[in-house]
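Asks: Fold the stuff below for me.
(one chain, ligands or ions: 2)
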Amino acid sequence: MGEAVLAGALSAGWAASDVVATVRTEAKAQRLRETYRVATTSDNVAAVRGAGLVLVGVKPKDVGALLDEIASAIDPQAVVVTVAAGHPAAFYEQRLPAGVPVVRAVPNTPAAIGAGITAIAPGRGATDADLEAVEHLFSGTGAVVRAAEKDLNAVSAISGSGPAYIFYVADALAEAGVLLGLTRDVARRLAVQTLLGASRLMDESGEHPVLLREKVTSPGGTTAAALRTLDDGGVRASFLAAATAARDRADELGG
Ligand SMILES: NC(=O)C1=CN([C@@H]2O[C@H](COP(=O)(O)OP(=O)(O)OC[C@H]3O[C@@H](n4cnc5c(N)ncnc54)[C@H](O)[C@@H]3O)[C@@H](O)[C@H]2O)C=CC1
Ligand SMILES: O=C(O)[C@@H]1CCC=N1
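Replies: Ligands and ions are numbered 1, 2, ... in the order given. The predicted model follows:
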């Protein structure tokens, strides 16, 4: 996720010479240097010293130790942005020098191609100017929306994890094509292009998904038969349960 944000920030006009990426392996360092022309280091403390904006992109379980490592080197004027799921802004504020503004962000992986959506929410000390700086950081990764911090775990359950649900559907649809005798290659292309076309149609027409679904569903026809089977299988209820499970897991990871 950190790399996707890096790629987006550079495409939004951030100078590569202003960025230091921290890594744990030399292989990764070399790849980032060659791909993005940014400086790299395995020294987190050196990387944050003097930085105006610090992006935390480690797993939730690693955030506490990372903050303990870098807290004393953080410039009091710096903005700390975190994409880690779960932990509330207060978790960071307790571990960072007093007054350091924290902004939480929930991006998603289509950020890597500039087609993401990121929700951002301020911690206690973050100002509007801090939020604008973070909006600029994510602007090259796609859309940016502001949200209340209390809603971020729900956002994560919908758009943060959402690409995985869509890839799951794509895989299931392609597998269904194979079941019906199509080659794997053709089935995959049909599934992927159908998801892409349907997404673009929703976006470009601005029509509600229910209306668009009705336009596909001829009375007494094939789609109605398929949709009844999905309803019988509890697919809609499963989406509701899945999003609730993701939100609950984010709450749990946040402690
Ligand atoms: N993958 C996704 O779609 C999304 C992920 N997130 C959040 O982004 C964060 C990262 O997730 P992923 O990118 O999926 O995980 P990842 O495991 O691919 O990335 C974490 C990176 O942090 C590095 N790392 C770990 N400890 C480090 C340390 N002490 N210093 C420097 N680097 C260190 C690891 O080497 C790894 O490259 C998580 O907190 C997750 O909750 C948020 C929204 C979406
Ligand atoms: O699976 C996860 O924990 C992360 C957070 C949202 C998407 N991926």
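
Asks: for the longest strand along the chain, packing partners?
Replies: Secondary structure of the chain per DSSP state E: the longest strand is strand 116-122. When contacts are defined as 3 or more Cβ pairs under 8 Å, 6 or more residues apart in numbering; DSSP states H and E, strand 116-122 packs onto strand 102-106, helix 128-139, strand 142-146, helix 152-155. In this view, the C-beta of every residue, glycine as well, is placed from N, C-alpha and C.

Asks: Would you mind confirming that Trp14 is in contact with Phe138?
Replies: No. Assessed by Cβ atoms under 8 Å, Trp14 is found out of contact with Phe138, at 11.0 Å.

Asks: Looking at those two, which has the bigger crowd around it?
Replies: The residue with more neighbours, out of Trp14 and Phe138, is Phe138; 26 against 18, by other Cβ atoms under 10 Å.

Asks: count of neighbours near the residue nearest to Ile74 when sequence neighbours are not counted?
Replies: Distances taken as Cβ to Cβ, 6 or more residues apart in numbering place Val48 nearest to Ile74, at 5.5 Å, with adjacent residues excluded. A count of nearby residues for Val48, using other Cβ under 10 Å, gives 23.

Asks: dump the residue contacts of Val48.
Replies: Going by Cβ atoms under 8 Å, 6 or more residues apart in numbering, Val48 touches Val54, Ile70, Ala73, Ile74, Asp75, Ala78.

Asks: and the residue nearest the centre of the chain, how far is that from ligand 1?
Replies: Closest residue to the average C-alpha location of the chain: Asn108 at 1.9 Å, with Cα atoms, centre = their mean. Separation of Asn108 from ligand 1 (Cβ to the nearest ligand atom, to the nearest Å): 5 Å.

Asks: Quick check: pLDDT value at that residue.
Replies: Looking at Asn108, its pLDDT is 97.

Asks: so how far is Ser159 from it?
Replies: To Ser159, Asn108 is 5 Å away according to Cβ to Cβ, to the nearest Å.

Asks: Mind checking if stretch 11-24 is in reach of ligand 1?
Replies: Yes. Using Cβ under 6 Å from any ligand atom, stretch 11-24 reaches ligand 1 at Thr22, Arg24.

Asks: Give me the residues contacting that stretch.
Replies: Contacts of stretch 11-24 (Cβ under 8 Å, 6+ apart): 2, 6, 9-10, 29, 32, 36-44, 46-47, 51, 114, 136-141.

Asks: In it, which residues are buried?
Replies: For stretch 11-24, burial by neighbour count (16 or more other Cβ atoms under 10 Å) applies to Trp14, Val19, Val20, Ala21, Thr22, Val23.

Asks: Give the rounded mean pLDDT of it.
Replies: Per-residue scores along stretch 11-24 average to 94.

Asks: Could the C-alpha coordinates of that stretch be exported in CSV?
Replies: Extracted C-alpha coordinates of stretch 11-24, given in CSV (Å, rounded to 0.1, in the frame of the first residue of the first chain):
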residue,chain,number,x,y,z
SER,A,11,2.3,11.5,-10.2
ALA,A,12,0.5,14.3,-8.2
GLY,A,13,3.7,16.4,-8.5
TRP,A,14,5.7,15.5,-5.4
ALA,A,15,9.4,15.7,-6.2
ALA,A,16,11.2,12.4,-6.0
SER,A,17,14.1,14.2,-4.5
ASP,A,18,11.9,15.2,-1.5
VAL,A,19,11.0,11.6,-0.6
VAL,A,20,12.8,9.1,1.5
ALA,A,21,11.3,5.5,1.5
THR,A,22,12.2,3.2,4.3
VAL,A,23,12.7,-0.5,3.5
ARG,A,24,13.8,-3.6,5.2
